[in-house]
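Asker: mind looking at a prediction? Sequence and model below.
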Amino acid sequence: MKLTALPLFEDAGNACTILLNDGQLNPRSFVDLMDQHKALIFRKADDDGAFDTEGFGQFLVDQRLEYYPYIGGAAPRTIIPVKAGKDIVFTANESPPDQPIPFHHELAQTPKPPTYIFFYCKEPPKEGGQTPIIDSTEVYRFAQDHHPQFIDKLKEHGARYIRTLPSQDDPSSPIGRSWQNTWKVSSKMELEQKLSQIDGCTWQWLPDTETDKDMVRITTEPVPAIRMVGQHGPNQVYQWTFANSIVAAFLGWIDRRNPDPKDALRFGNMDVMPADVLQSIADFMHNNRVLHDWEAGDIMAIQNQLVMHSRNPFVGPRKVLASIWGDRVPQEKSHPDTVLHPEPTHPNDPLVFGFWKVPNDRCADVCYEAIKAGYRRLDCACDYGNEVQVGQGIARAIREGLVTRHELFITSKLWNTYHKPEHVQLALDKTLADLQLVYVDEYLIHFPISMEYVPIKDKYPPEWTNLDGKMVVVPNDMCATWRAMEALVDSGKIVEIGVCNFSTQLLRQILSTCRIRPSTLQVELHPQNTQTNLVRFAREAGMRVTAFSAFGASSYIELGMAQDDDILLKNSIIRTIAATKRKTPAQILIRWAVQRNTLALTKTCTTTRMTENRDVFDFHLTPTEMEQINGLNQNRRYNDPGDFCEPGMGTFCPIYD
């Protein structure tokens, strides 16, 4: 079956329909498309007719997503059984057609909202009835820029949602779903048992009225309202989202049981939310929404963590169905020549723990303690000479139940002496053996420098010189190296591939010929070397950006590659901001990297600093503070082969202009 996919967030004049031939839409490609575009309209190609309800159901299960029961929503729904599943399809919000439904993330008032929302148009209305959408990251940026104190308070306390529910569904109300239907219970006792298991949730049974009996007023526990969305694929980057239903509650949670929308919301500490701020955010959403006019057979897929949706009033019948799902269910590869491993889990925070210069005699314990402190992204390399010890630390953490292998995202790197295609697998196999792994989540070309091959049995790690102590650069086609890495992705020994220390021109070279696009660019990034254009280029090409040497000169002093005056941790601007925020200079530098939407790579052998370096999500640098830090840029690199190769190895080897 041939399909088309229309990205909804591209400008109308630039929108390009994606043609998907038979087999091109599969569980992995679906996730990749959603990570890249966030919202898509899927249609059958013209010669295949249009989707019907049964086809919609089959489309859903074909994506192999986690089943997500609809529990906790406010709107009345009717389940529509289909062959693919008796309860996976239901009606979209059944509130009266003259009532608009404000912007919201589906089930954002619950602790774990669904990842994907699907809508299917069986019959479009005569007028109106669009499903407007908006990118929640844009809403966050607007609110952060215009109402920073409000955002800070949401981050600190979260939100509570307050609503009075009837005992029976009320189709006349946009929030008329009964407590029996909402919570899948049949008695007050059952409801109280469920609510009592939620820490911080409260409820009150209200007196009967002429129209309603057995009403209950439920106040939710504090629910996160600003969420971090981590990397789920090469096209999605770490970012903050305005992930809540606050505006929907403020504008739309109104019926005879809930007459005043100001009573529907509180901060997590029970303070009242300012109505003027909520209205300002609502106005921004309205003015920047994207509209789609329904056609019969349309399937709209939305990344619910990144996109809010709403509904316009309409005239005439409108039959739109819906479905909600979680993340993709990991599928093991079944080819007999493929190493079995699940799809990678990208940890939902942007902090990376590195092992460069971690002493071998401490490295296993350091690795174990880093995992214990919460790090799930581990950055290794053959050249660091400690992958055996890193592997021991990982094995201990898994053995003792701190993590599973699937919860870790492990990166290693291809060293310069193994760039010839016939040597790439040899290098990877050595790394896998040392790390005690059957696959790595990510394998990066360490430097764009190809050097004379040094056999593993003769010298390992080979470092920068051959067996004669000389650094010998050799001709090599880097695209051929890349193709050898692509083959190892096919084999299952690597999940994703990327590069380190590459310039924009080298990235263009790989991108122009690659079959598998780079997942990551890892480069030296800190306030003295911001590399703004390179970061932008990589991000727009769909890569994550990892910032090594996040503290600048600190790791290079003892190597004679930096001076004491270079140390950012002692910089007066950094220290002043740190004092204002009651944070350490290190936390300010990590936070700066985080707010640039990069993955901050740091290391320490001290357990207290491991914890301290992760404590960067309870404060925010203002735009002024970010600009002050950006102003420290000097285009100053500390890890530059053009500087250290000639005095150290006698070979002039620049890789930057």
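Answerer: All right, it came through fine. Residues are numbered from 1 along each chain as shown.

Asker: return the residue of the chain that is most distant from the centre.
Answerer: Within the chain, the residue lying farthest from the chain centre (CA atoms, centre = their mean) is E210, at 48.9 Å.

Asker: mind naming the longest strand for the protein?
Answerer: strand 319-328 (DSSP state E).

Asker: any stretches of the stretch 301-450 of the chain with poor pLDDT?
Answerer: Counting by pLDDT under 70, the stretch 301-450 of the chain contains low-confidence ranges at 330-345.

Asker: try it again at 90.
Answerer: For the stretch 301-450 of the chain, the stretches with pLDDT under 90 are 305, 316, 327-349.

Asker: buried sites along stretch 609-618?
Answerer: Using 16 or more other CB atoms under 10 Å as the test for burial, stretch 609-618 gives M610, E612, N613, R614, V616. All C-beta spots, glycine's among them, are computed from the backbone N, C-alpha and C.

Asker: pull the contacting residues for the third one.
Answerer: So the one you mean is N613. Counting by CB atoms under 8 Å, 6 or more residues apart in numbering, N613 touches L351, A586, Q587, I590, T602, T604.

Asker: just the strands in the stretch 351-500 of the chain please.
Answerer: 351-354, 377-379, 409-414, 440-445, 494-500 (DSSP state E, counting those that start in this stretch).

Asker: quick one: list the elements packing against the first one.
Answerer: Taking 3 or more CB pairs under 8 Å, 6 or more residues apart in numbering; DSSP states H and E as the contact definition, the neighbouring helices and strands of strand 351-354 are strand 377-379, strand 599-602, helix 607-614.

Asker: what mean pLDDT does the second one get?
Answerer: To tie it back to what came earlier, the one meant is strand 599-602. Averaging pLDDT along strand 599-602 gives 96.

Asker: and that strand, which strands flank it?
Answerer: Listed by DSSP bridges, the sheet partners of strand 599-602 and their directions read strand 351-354 (parallel), strand 544-548 (parallel).

Asker: which residues does the last one contact?
Answerer: Think strand 544-548. Residues outside strand 544-548 that contact it (CB under 8 Å, 6+ apart) are 231, 234, 237-238, 352, 354, 356, 379, 498, 500, 519-526, 535, 538-539, 593, 596-601, 639.

Asker: so how far is that strand off the chain centroid?
Answerer: Here strand 544-548 is found 14 Å from its chain centre; the criterion is CA atoms, centre = their mean, to the nearest Å.

Asker: angle of that strand against strand 409-414?
Answerer: Computed with axes from the mean of the first three to the mean of the last three CA atoms, to 10 degrees, the direction of strand 544-548 lies at 70 degrees from that of strand 409-414.

Asker: can you give me the helices in the stretch 401-550 of the chain?
Answerer: Taking DSSP state H, counting those that start in this stretch as the criterion, the stretch 401-550 of the chain carries its helices at 421-435, 478-491, 504-513, 532-540.

Asker: what residues sit buried inside the shortest one?
Answerer: Judged by neighbour count using 16+ other CB under 10 Å, the buried positions of helix 532-540 are L534, V535, F537, A538, R539.

Asker: output it as CSV, nothing but the C-alphas.
Answerer: Provided in CSV are the C-alpha atoms of helix 532-540 (Å, rounded to 0.1, in the frame of the first residue of the first chain):
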residue,chain,number,x,y,z
THR,A,532,27.2,28.9,17.0
ASN,A,533,27.2,28.3,13.2
LEU,A,534,28.4,24.7,13.5
VAL,A,535,25.9,23.9,16.2
ARG,A,536,23.1,25.4,14.1
PHE,A,537,24.2,23.5,11.0
ALA,A,538,24.3,20.1,12.8
ARG,A,539,21.0,20.7,14.5
GLU,A,540,19.3,21.7,11.2
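
Asker: what about it, average pLDDT?
Answerer: Mean predicted lDDT for helix 532-540 stands at 91.

Asker: which SS class is the closest residue to R376 other than its chain neighbours?
Answerer: Spatially, and ignoring its direct neighbours in sequence, R376 is nearest to P347 (3.7 Å; CB to CB, 6 or more residues apart in numbering). Classification of P347 by DSSP: H, G, I helix; E, B strand; the rest coil places it in coil.

Asker: what is the neighbour count of P347?
Answerer: 19 (other CB atoms under 10 Å).

Asker: thought it was touching L378?
Answerer: No: applying CB atoms under 8 Å, one finds P347 not in contact with L378, separated by 10.1 Å.

Asker: now do the shared contacts for those two.
Answerer: F409.

Asker: got JSON lines for the strands paired with strand 599-602, with distance to D199 too?
Answerer: Putting these into JSON lines (distance: least, CB to CB, whole Å) gives the following:
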{"stretch": "strand 351-354", "distance to D199": "27"}
{"stretch": "strand 544-548", "distance to D199": "35"}
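
Asker: V320 is nearest to which of these?
Answerer: In terms of CB to CB, the element of those nearest to V320 is strand 544-548, at 35.4 Å.

Asker: with just CA atoms, put the closest one into PDB.
Answerer: The C-alpha atoms that make up strand 544-548 are tabulated as PDB, following Å, rounded to 0.1, in the frame of the first residue of the first chain:
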ATOM      1  CA  ARG A 544      22.200  15.900  18.300                       C
ATOM      2  CA  VAL A 545      25.100  18.000  19.500                       C
ATOM      3  CA  THR A 546      27.300  16.800  22.400                       C
ATOM      4  CA  ALA A 547      29.400  19.400  24.200                       C
ATOM      5  CA  PHE A 548      32.700  18.000  25.400                       C
END
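
Asker: give me the helices and strands touching the helix or strand following it, please.
Answerer: Using DSSP states H and E, the helix or strand that follows strand 544-548 in sequence is helix 572-581. Packing partners of helix 572-581 (3+ CB pairs under 8 Å, 6+ apart): helix 585-595, helix 623-630.

Asker: wait, R614 sits on V352?
Answerer: No: R614 lies out of contact with V352 (CB under 8 Å); the separation is 11.1 Å.
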